[in-house]
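Participant: this is a predicted model, with the sequence first.
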Amino acid sequence: AGRQRAGVEVGMGVQPQHAQGAAHASDFQADWARAASQFQQNLGAGWSKALEAFQQVGGQPAAPGMPSLQFNPTSLLELQQSYLREAANLWNDSVKAPGAGDRRFSGDAWARNPLSAFSASVYLLNARTLLGLVEAAKADEKTKARLRFAVEQWLAASAPSNFLALNAEAQQKALETRGESIAKGIQNLWHDVQQGHVSMTDESVFEVGKNVATTEGAVVFENDYFQLIEYKPLTAKVYERPFLLVPPCINKFYILDLQPENSFIRYAVSQGHRTFVVSWRNPDASMERATWDDFIEQAAIQAIHTVQDITGAAKINALGFCVGGTILSTAIAVLAARGEKPVASTTLLTTLIDFTDTGILDVFIDENFVKFREMQMGKGGMMKGQDLASTFSFLRPNDLVWNYVVGNYLKGETPPPFDLLYWNSDSTNLPGPFYAWYLRNTYLENNLIKPGKAVVCGEKVDLNKVDMPMYIYGSREDHIVPIGGSYGSTQVFPG
């Protein structure tokens, strides 16, 4: 516009209206071409910087002792060309709605807001490219898994949906509610800061004993490690052989007794089983020196013997869930080494015995990490339950973290009541020595499947001696115990 005015002043005369329009169009096209050229140059420079930064993840000289990260040249070239091509197309179609396959950006508000739509599309392009870089890296599978995990965590945190300035749906809701959603979001944030974790459900709706864990029972034994609950029969007769359930010690027992319609405990009782359940104590400072041996001897083995004493049964049936199954199996192996076989049959639900396939958790495990934990708490201390819960949540960050950050804080929503997520938030601590032993002997060295390698309660553990009928269950979508890990137990026990 400035150049046109100068031209008129030096005697070019007044141009016809259509000529002025053509000049404007020509200038606009020229400006657009220059902008597009600059955009592509920036992309090229940005690619180079991103690649340099990405290589540093694998260890440049600033990280002594770590190998330099290299890439497959062919894959890298294809990835770069694809990135530049898609970026140019994105620039030309800047108002196009973001990918419909990602539910974070699938709302109509995103399609109607050009800035938000463009930011989401650029983000998705960058996400595909960064994950492509991981696949192009010349590295072993564990290194690739760690790179992939780090990139996915960063991508999940940096999504435009996590920021009010870019989240079209949150902006629309703020306008529709005249700012009430923002005020409610601030209240939700303050509430979660006070309680120490992000709310995944409306926790005010639930209360243990009133609308969760309502199957009637009574505590029949307790010590420093657990309480043993016996449940009231719901049938006129019960089976002679009692049934002992050992849930995981990293959460509360009522995962098995959420609602009457989905309660495993109520179902077992209604089928005529005389049912006992271990309810783990939430460790405090008085238990900071408790070991894996203590949990086996003073909890699992004690529970087995107590059920025998109360019922007078020579043998019992048992079920272990998650790490509760690992504890139960170890206890049965210790008893077998002592010449005792008090368990007639065992059921394992999503339990790891063979720790060859541990899924995404493997990215955390190596000798240095385990040594650090052993130095930190191997002789005493506490692994906080909330720290464990946060770690597990970040294994699926979009579903279990940022989804609630956006809903609770940016949109001012109260998450719907969900009994499973209420239980998931009710975490428990783990004694440091217990936790350190568990890390080294299972996740790192996989000693439980090596006959005689692990020594527990003074006995060499040999799972080949756990010879009884077994039912082993795995969940296809479980991110803590992958189904391949569950299946691995079929190759360990003789049956």
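Facilitator: Looks like it arrived, so ask away. Here the structure is a predicted model, which means the values were calculated and not measured.

Participant: okay, CA-based contacts and neighbour counts for the rest of this
Facilitator: OK.

Participant: any idea which element W190 lies in?
Facilitator: Secondary structure from DSSP states H and E places W190 in helix 180-195.

Participant: no wait, Y123
Facilitator: Using DSSP H and E, Y123 falls in helix 114-136.

Participant: counting by contacts, list what that helix packs against.
Facilitator: Counting contacts by 3 or more C-alpha pairs under 8 Å, 6 or more residues apart in numbering; DSSP states H and E, helix 114-136 is packed against helix 73-92, helix 108-112, helix 141-158.

Participant: turn those into TSV, columns for distance to L234.
Facilitator: What follows is these, written out as TSV (distance: least, C-alpha to C-alpha, whole Å):
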stretch	distance to L234
helix 73-92	63
helix 108-112	52
helix 141-158	48
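
Participant: closest one to I265 among those?
Facilitator: Closest approach to I265 among the helices and strands packed on helix 114-136 (C-alpha to C-alpha): helix 141-158, 36.6 Å.

Participant: now the angle from the closest one to helix 114-136?
Facilitator: Relative orientation of helix 141-158 and helix 114-136, computed by axes from the mean of the first three to the mean of the last three C-alpha atoms, to 10 degrees: 170 degrees.

Participant: CA atoms of helix 141-158 as PDB?
Facilitator: C-alpha atoms of helix 141-158 as PDB (Å, rounded to 0.1, in the frame of the first residue of the first chain):
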ATOM      1  CA  GLU A 141      14.600 -52.100  20.900                       C
ATOM      2  CA  LYS A 142      14.900 -50.900  24.500                       C
ATOM      3  CA  THR A 143      16.500 -47.700  23.400                       C
ATOM      4  CA  LYS A 144      13.800 -47.100  20.800                       C
ATOM      5  CA  ALA A 145      11.100 -47.900  23.400                       C
ATOM      6  CA  ARG A 146      12.700 -45.300  25.700                       C
ATOM      7  CA  LEU A 147      12.900 -42.700  22.900                       C
ATOM      8  CA  ARG A 148       9.300 -43.500  22.000                       C
ATOM      9  CA  PHE A 149       8.100 -43.100  25.600                       C
ATOM     10  CA  ALA A 150       9.900 -39.800  26.000                       C
ATOM     11  CA  VAL A 151       8.600 -38.400  22.700                       C
ATOM     12  CA  GLU A 152       5.000 -39.600  23.500                       C
ATOM     13  CA  GLN A 153       5.200 -37.900  27.000                       C
ATOM     14  CA  TRP A 154       6.400 -34.600  25.500                       C
ATOM     15  CA  LEU A 155       3.700 -34.800  22.700                       C
ATOM     16  CA  ALA A 156       0.900 -35.500  25.200                       C
ATOM     17  CA  ALA A 157       2.000 -32.600  27.300                       C
ATOM     18  CA  SER A 158       2.400 -30.100  24.500                       C
END
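
Participant: name the next helix or strand downstream of that helix, please.
Facilitator: Per DSSP H and E, the first helix or strand lying C-terminal to helix 141-158 is helix 168-176.

Participant: how many neighbouring residues does G185 have?
Facilitator: Look at G185: counted by other C-alpha atoms under 10 Å, it has 22 neighbours.

Participant: shouldn't it be in contact with E413?
Facilitator: Yes: using C-alpha atoms under 8 Å, G185 is in contact with E413, at 7.1 Å.

Participant: neighbours of E207, how many?
Facilitator: 12.

Participant: so how far is Y231 from it?
Facilitator: Going from E207 to Y231 by C-alpha to C-alpha, to the nearest Å gives 19 Å.

Participant: likewise for D387?
Facilitator: Taking C-alpha to C-alpha as the measure, D387 falls 32 Å from Y231.

Participant: which of those two has more neighbours?
Facilitator: Y231 (21 against 14).

Participant: burial count for the residue lying closest to that one once chain neighbours are set aside?
Facilitator: Spatial nearest neighbour of Y231, chain neighbours left out: G217 (3.9 Å); criterion: C-alpha to C-alpha, 6 or more residues apart in numbering. For G217, the count of nearby residues is 15 (other C-alpha under 10 Å).

Participant: pLDDT wise, what is G217 at?
Facilitator: pLDDT, G217: 96.

Participant: can you check the one 10 residues further on too?
Facilitator: As summarised for this prediction, Q227 has a pLDDT of 97.

Participant: residue contacts, it?
Facilitator: By C-alpha atoms under 8 Å, 6 or more residues apart in numbering, the contact set of Q227 is 219-221, 278-281.

Participant: got the phi and psi for it?
Facilitator: phi -110, psi 140 (degrees, to the nearest 10).

Participant: separation between it and W292?
Facilitator: From Q227 to W292 the distance is 18 Å (C-alpha to C-alpha).

Participant: same deal with P451?
Facilitator: Counting by C-alpha to C-alpha, the separation of P451 from W292 is 18 Å.

Participant: those two: who's more crowded?
Facilitator: W292 (19 against 14).

Participant: burial count for V455?
Facilitator: For V455, using other C-alpha under 10 Å, the count is 16.
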